[in-house]
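>>> below: sequence and its predicted model.
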Amino acid sequence: MDAWITRIAHAQPGPALAQAEFATWMAKRLPVGSDPARLHRFAERSGVTLRHSVLDLFGAEGEAMYPVGAPAADALVRSRAFARLAPPLAVQAVRQACPDGLPAITHLVVATCTGAVAPGLDLLLIDALGLPRSTRRTMVGFMGCYAAMPALRIAAATVRADPTAKVLVVCCELSSLHLQTGPDDDALIAACLFADGASAAVVEAGDGPRGLGLRLVRDACAVVPDSADQMAWIAAADGFRLRLSPFVSRALGGALPGLTDELLGGVGRDVCRWAVHPGGPRILDDVQRVLALPGEALAPSREALRVAGNRSSGTVLAIIGDMCRDTWSGPLAAYAFGPGLTAEGILLHRHA
């Protein structure tokens, strides 16, 4: 039987925060000698207008985690915050995906790279969602922004092997727990780009369209040679730190044409809809250029970045969910990128 994404939704915590106000808040926390104007330039060029945080950044929670003139909270405090704040946001995404109640879930696949706790988010969700304690669980950890792709691949393989299975996929990222105040550019760029959010999807087997009617056709993956030092996400005493090379988009762009031919399998690029992870404006620009996509092909990705920032692994599912609010049918190609450098793609076909 075919594997189908039958339900999908995305959740964001708290009220939307204006990027300009966030940059002003962040500038007060820069180390002595830093250039606030540089931070503001990064914020203006990020493509992000609004963002969300599980913390009340502009209130007491933000002051406690990131005090002005004092060291930010250590990794222990941040990990405890993840264990406390991630489950409610993930549950919100699941409830929005399944407003009429969860189907009889047999498997749970959870992806995150912003929390490293045990018991993990998978176990925390068993209790929070009231899932059977026999639910088979898989954690996709620390893979970065492309983690939704292996999570969906696991779900698809599961339901193809056992057509009675129903798999819940959850991607939950709390990037605001790992803000770094510089002074290096990597920290400032990450602070301007990354925000919080959670996505949920249900994958089921069927010999015909189910739910949203999104059939998982195939996937493809490429690791760019000699690029491991261009992106890294490293656990440190004061939280997770991002290392980001300015050559990331160029390196990924070199791998995408061949990978896309493999992914599409003869389907024309011009007939596809596209859901491309918005790692940043330059990533989207380079993807559009190297694949010669029409002018508005990546409009959903640019809008996702604008209204809520880069939510790591949950973002591509959020884009797909937004696109499914309209009625259409045909192929949809989705891409996401991360450490490796890795490009992961999945081809979907929607049956209206």
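Okay, I see it. Residues are numbered from 1 along each chain as shown.

>>> quick one, phi psi at the most centrally placed residue in the chain?
With distances taken as C-alpha atoms, centre = their mean, the residue of the chain nearest its centroid is Ser313 (2.3 Å). Backbone torsions of Ser313, given as degrees, to the nearest 10, read phi -60, psi -20.

>>> list the contacts for it?
For Ser313, the contact set (C-beta atoms under 8 Å, 6 or more residues apart in numbering) comprises 111-113, 140, 143-148, 151, 171, 173, 199, 336. For every residue, glycine as well, the C-beta is placed using N, CA and C.

>>> narrow those to those in helices?
The helices, defined by DSSP state H, take in 148, 151 from the contacts of Ser313.

>>> can you get me the start-to-end distance on stretch 216-229?
Stretch 216-229 has an end-to-end distance of 32 Å (criterion: C-alpha to C-alpha, to the nearest Å).

>>> what's in contact with that stretch?
With contact meaning C-beta under 8 Å, 6+ apart, stretch 216-229 is reached by 2-5, 149, 152-153, 156, 203, 243, 245, 251-252, 254-255, 258-259, 262-263, 265, 331, 339-349.

>>> measure Ala81 to Val54 for me?
Here Ala81 is placed at a distance of 8 Å from Val54 (C-beta to C-beta, to the nearest Å).

>>> I should have written Asp326 there, sorry.
For Asp326 relative to Val54 (C-beta to C-beta), the value is 30 Å.

>>> any idea what the residue lying closest to Gly120 once chain neighbours are set aside is bridged to?
Nearest non-adjacent residue to Gly120, counting by C-beta to C-beta, 6 or more residues apart in numbering: Met139, 5.4 Å away. Met139 has these beta-bridge partners by DSSP bridges: Val110.

>>> looking at Asp326 and Val54, which is more packed in?
Comparing Asp326 with Val54 by other C-beta atoms under 10 Å, the one with more neighbours is Val54, at 25 against 7.

>>> can you tell me the SS state at that one?
Classification of Val54 by DSSP: H, G, I helix; E, B strand; the rest coil places it in coil.

>>> OK, contacts around it?
Counting by C-beta under 8 Å, 6+ apart, Val54 makes contact with 13-14, 81, 85-86, 89, 174, 176-177, 196.

>>> shared neighbours, Ala81 and Val54?
When contacts are counted by C-beta under 8 Å, 6+ apart, Ala81 and Val54 have 174, 177 as shared neighbours.

>>> so Leu256 is in which element?
According to DSSP states H and E, Leu256 maps onto helix 248-264.

>>> chain center to that helix, what's the gap?
Centre-to-centre, helix 248-264 and its host chain are 19 Å apart (C-alpha atoms, centre = their mean, to the nearest Å).

>>> helix or strand right after it?
With elements assigned by DSSP H and E, the helix or strand that comes after helix 248-264 is strand 273-276.

>>> name the residues that touch that following strand?
Under C-beta under 8 Å, 6+ apart, the answer for strand 273-276 is 283-284, 287, 293, 297-298, 300-301, 316, 319-320, 323, 328, 330-336.

>>> now do the helices in this protein.
For the chain, applying DSSP H gives helices covering 19-27, 36-45, 60-65, 75-97, 121-129, 148-161, 185-193, 248-264, 281-290, 299-308, 315-323.
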